[in-house]
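*Asks:* A structural model of the following input is requested.
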Amino acid sequence: MHRDGRYAVWFRTPRGEGTGIVELANGVISGSDSFLTYCGSYKVDDDRFTATLTTTRHAAGPPTLFGIDEIELELAGEFKGRMASCSGTAGQAPEVPVQATLIATENPSPVPDGNRIGKLPAGADSRIRLRQPGVRGLTRA
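*Replies:* As a prediction, this is how the structure comes out:
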């Protein structure tokens, strides 16, 4: 079963948890979080899959959940509708098991018009109510 697309990922180890975004496309995994970039490959057999994923630090920040920046994860899991779950370990830190949940995301929003960035939309905003002249505050009955 083909499961290409963009996924929000929630991962956890006994040391903590985190989130990121991954893209699955034709057997290739790419993605990142605030500090690490992910890349690798995956194979799907019906609803089950296996994946090999490496991480590389791209920004300064706290230590990773594995204690080292560059690891290679071996994962196995299963798709269930628009979600997938998997678990595995890194060869560089085999004592730290990892579990992850992937949730399919909708197509990204279109890129905003560069000429309108930082500007209010044209026309009146329906959330703005004009004051009536002579009315001040609320009155009690």
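*Asks:* contacts and neighbour counts: CA atoms only from here.
*Replies:* Will do.
*Asks:* Run through who's touching the lengthiest strand in the chain.
*Replies:* Assignment by DSSP state E gives strand 93-104 as the longest strand of the chain. Outside of strand 93-104, the residues within contact range by CA atoms under 8 Å, 6 or more residues apart in numbering are 5-15, 66, 82-90.
*Asks:* Buried subset of these, written for ChimeraX?
*Replies:* Selection of buried members from the contacts of strand 93-104 for ChimeraX, criterion 16 or more other CA atoms under 10 Å:
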select :6,7,8,9,10,11,12,13,66,83,84,85,86,87,88,89,90
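*Asks:* first vs last residue of stretch 74-92, how far apart are they?
*Replies:* Stretch 74-92 has an end-to-end distance of 11 Å (criterion: CA to CA, to the nearest Å).
*Asks:* Ok, stretch 49-63 next?
*Replies:* Note: stretch 49-63 ends 29 Å apart using CA to CA.
*Asks:* hmm, back to that, next, the buried residues of the longest strand of the chain.
*Replies:* Quick answer for strand 93-104 (16+ other CA under 10 Å): Val96, Pro97, Val98, Gln99, Ala100, Thr101, Leu102, Ile103, Ala104.
*Asks:* for Phe66, what are its contacts?
*Replies:* Contacts of Phe66 by CA under 8 Å, 6+ apart are Arg15, Ala93, Val96.
*Asks:* Apply 7 Å and report the result again.
*Replies:* Counting by CA atoms under 7 Å, 6 or more residues apart in numbering, Phe66 makes contact with Ala93, Val96.
*Asks:* Going by secondary structure, it is in what exactly?
*Replies:* For Phe66, there is no helix or strand it lies in under DSSP states H and E.
*Asks:* pLDDT below threshold where in this structure?
*Replies:* Across the chain, residues meeting the criterion (pLDDT under 70) sit at 1-2, 107-141.
*Asks:* All the strands of it, residue numbers only.
*Replies:* For the chain, the strands defined by DSSP E occupy 5-13, 16-25, 28-32, 36-45, 48-57, 72-80, 83-90, 93-104.
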